[in-house]
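Enquirer: next input, structure requested:
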Amino acid sequence: MNKDNLSSILIVDDDKEILTSVKLLLNSSFDIIQLCDEPKQIPIFLDNTTYDVILLDMNFSPDSCTGAEGLYWLSEINQLAPETRVIMMTAYGEVDLAIQALKSGASDFIVKPWDKNKLLATAIEAYKLKKSIKKRTTNVTKRKSIKSRLRQPSEQLIIGQSSAIQEVLEIIYLSAPTDANILILGENGTGKGLIAREIHQQSSRSKSSFISIDLGTIAEGLFESELFGHKKGAFTGATQNRVGHIVEANKGTLFLDEVANLPTQLQTKLLSVLSQREVKAIGANQSKSVDIRVIAATNLPRSELLDNTQFRQDLLYRLNTVEITLPALRERSEDIPLLVDYFLDMYSLKYNRSKPHISMKTITALQRYPWPGNVRELQNSVERAVILSNESELYIRDFQLVANQPKADKQTKSQTQPLELGNLEKQRVENALQKYAGNISHAAKELGISRAALYRRIEKYEL
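Expert: Just a heads-up that it's a prediction; the model follows:
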């Protein structure tokens, strides 16, 4: 077998018993396993072998619990072998220390004493991530690595180091400089608007307009006017000329959020605009040329988009030259510590509060919650906790989750999760409708969904 195809891992810990036990655990999953009980030897190991993964202890000196030694050697490894994925091990389950390690470039962390299945799964995932990045990076001199991009935040921060988010970032990096139309799929609250703005920022159109229009909030009779514009006197109430959003986005980017809400007849007109690069305002005699890049987004599952009765397939093909599917937060729970820390910094500053501490126990509970509202729900929960808590530490009760229930085990997960999520969604819809006395527009805005989507849920749950 080619040596480059062999999986390799270096385990660094001053406890030889731990080295032996971890080696036995990983023996069937890695081709090359090397042990190091003295961190000063790390440069020598790296000089002789290229590792896919390094399992690195955070504390080596007797009675040390600060993690400073591990962070130092993490920094050294990042310089000597930047493509190697590093998993930190610590016997001290403080989330602040773990977050500091992730911010410093670690791929993940494991708390001692570890669960064997968790350790094995984490190591294998780190290896797969390293290989997937290497496969996509065919010319290092021309392309930035995902890791380096995470360290260079733009105005729109995309927080996360999970493989799912790194894959999204890679697609953004490859597609943003082009003029290809992009379709973003994902549940409500996953950050579709954030991704759209990031694509615009990384494109050659970044100095031109980014026009965002939420098609889920526009009255059906106003769709055409909003998108294409109108001339004075074109219809009752048209007292002056109006420039449509498509023309406003000329030379820039047009973001069509909740594009599946576009009526069928206007889907045909939008297809014509994309094909001919011309738009005619209501009441106008002549068309106007436009140069736009379209980014569209929807919370509909792909199976529904492929239903020609709901969405024109020829328009879909125009929109999804590149397709990005955003993972739900429950599918990337390893990013929750970083997200919580980011939002704590944001809202502590906003409300002039001291940043509260949060324990690993609380973080674990947050990771086990299904987050039906995804990152938006997490953000709102953190903001609420910062506002309402007067203590120096936040506990799970401070987040006021709808149902603080742990994830089901493997045997019952498939049976209980759909019911659990359905009940959570129904309760959220009911609460929003009660809060706004049945006002559909206000309730939909509260939930972060379109009115059409809210009507579907009202019908689904017979509310």
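
Enquirer: ranges for the helices of the stretch 101-250 of the chain?
Expert: Here the stretch 101-250 of the chain has its helices, by DSSP state H, counting those that start in this stretch, at 116-136, 146-150, 163-175, 192-201, 223-228, 245-248.

Enquirer: just checking, what packs against the fifth one?
Expert: So the one you mean is helix 223-228. Applying 3 or more Cβ pairs under 8 Å, 6 or more residues apart in numbering; DSSP states H and E, we find helix 223-228 packed against helix 245-248, helix 264-276. Heads up, the C-betas are built off the backbone N, CA and C, glycines and all.

Enquirer: how about G67, nearest residue that isn't a chain neighbour?
Expert: What sits nearest to G67 in space, not counting adjacent residues and going by Cβ to Cβ, 6 or more residues apart in numbering, is M58, at 4.2 Å.

Enquirer: count the residues that sit near that neighbour.
Expert: Neighbour count for M58, taken as other Cβ atoms under 10 Å: 27.

Enquirer: phi, psi of it?
Expert: Torsion angles at M58 (phi, psi; degrees, to the nearest 10) stand at phi -100, psi -20.

Enquirer: for L97, see how far away it is.
Expert: Distance from M58 to L97, counting by Cβ to Cβ, to the nearest Å: 7 Å.

Enquirer: now for these two: what residues contact both?
Expert: Residues touching both M58 and L97 by Cβ atoms under 8 Å, 6 or more residues apart in numbering: 67, 90.

Enquirer: for the residue nearest to S175 when sequence neighbours are not counted, list each beta-bridge partner.
Expert: Spatial nearest neighbour of S175, chain neighbours left out: V322 (4.5 Å); criterion: Cβ to Cβ, 6+ apart. Beta bridges link V322 to I182 when assigned by DSSP bridges.

Enquirer: right, and V322 touches A176 too?
Expert: No: applying Cβ atoms under 8 Å, one finds V322 not in contact with A176, separated by 9.4 Å.

Enquirer: circling back: okay if I get the helices and strands packed on helix 223-228 as CSV plus distance to Q400 and mean pLDDT?
Expert: Shown next, in CSV, are the helices and strands packed on helix 223-228 (distance: least, Cβ to Cβ, whole Å; pLDDT from 0 to 100):
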stretch, distance to Q400, mean pLDDT
helix 245-248, 38, 92
helix 264-276, 41, 87
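
Enquirer: just those helices: most buried one?
Expert: Between those, helix 245-248 has the highest mean count of neighbours, a mean of 20, where neighbours are mean count of other Cβ atoms under 10 Å.

Enquirer: using CSV, list the CA coordinates for it.
Expert: Provided in CSV are the C-alpha atoms of helix 245-248 (Å, rounded to 0.1, in the frame of the first residue of the first chain):
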residue,chain,number,x,y,z
HIS,A,245,-35.1,45.2,-6.5
ILE,A,246,-33.7,43.5,-9.6
VAL,A,247,-32.6,46.9,-11.0
GLU,A,248,-31.3,48.0,-7.6
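
Enquirer: what are the contacting residues of that helix?
Expert: Contacts for helix 245-248 (Cβ under 8 Å, 6+ apart): 209, 211, 213, 226-229, 254, 273, 279, 281, 288, 290, 292.

Enquirer: let's go with 10 Å and repeat that
Expert: 209, 211-213, 225-229, 254-256, 269-270, 273-274, 278-279, 281, 288-290, 292, 294 (Cβ atoms under 10 Å, 6 or more residues apart in numbering).

Enquirer: quick one: buried ones out of those?
Expert: Among those, those classed as buried by 16 or more other Cβ atoms under 10 Å are 209, 211-213, 225-229, 254-256, 269-270, 273-274, 279, 281, 288, 290, 292, 294.

Enquirer: report pLDDT for the residue nearest to G67.
Expert: Here, the pLDDT recorded for M58 equals 87.

Enquirer: sorry, back to before: got the helices and strands packed on helix 223-228 as JSON lines, with distance to R368 columns?
Expert: Output for these, formatted as JSON lines (distance: least, Cβ to Cβ, whole Å):
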{"stretch": "helix 245-248", "distance to R368": "42"}
{"stretch": "helix 264-276", "distance to R368": "41"}
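
Enquirer: okay, I124 and A81: tell me how far apart.
Expert: In terms of Cβ to Cβ, I124 sits 19 Å off from A81.

Enquirer: which of those two has more residues huddled nearby?
Expert: Between I124 and A81, counting by other Cβ under 10 Å, A81 is the more crowded of the two (21 against 16).

Enquirer: give me every residue that touches the more buried one.
Expert: 10, 42-43, 45-47, 49-52, 54.

Enquirer: all strands of the stretch 351-463 of the chain, in order?
Expert: Taking DSSP state E, counting those that start in this stretch as the criterion, the stretch 351-463 of the chain contains strands spanning 357-358, 393-394.

Enquirer: my guess is the residue nearest to S175 contacts Y173. True?
Expert: No: checked against Cβ atoms under 10 Å, the pair V322 and Y173 is beyond contact range at 11.7 Å.

Enquirer: which neighbours do these two have in common?
Expert: I199.

Enquirer: can you tell me how far M88 sits from Y72?
Expert: Note on M88: its distance to Y72, by Cβ to Cβ, is 12 Å.

Enquirer: overlap in contacts, these two.
Expert: Common contacts of M88 and Y72 (Cβ under 10 Å, 6+ apart): S104.

Enquirer: just to revisit the earlier point, okay, and the common contacts of V322 and A176?
Expert: Residues touching both V322 and A176 (Cβ under 10 Å, 6+ apart): 182, 199.
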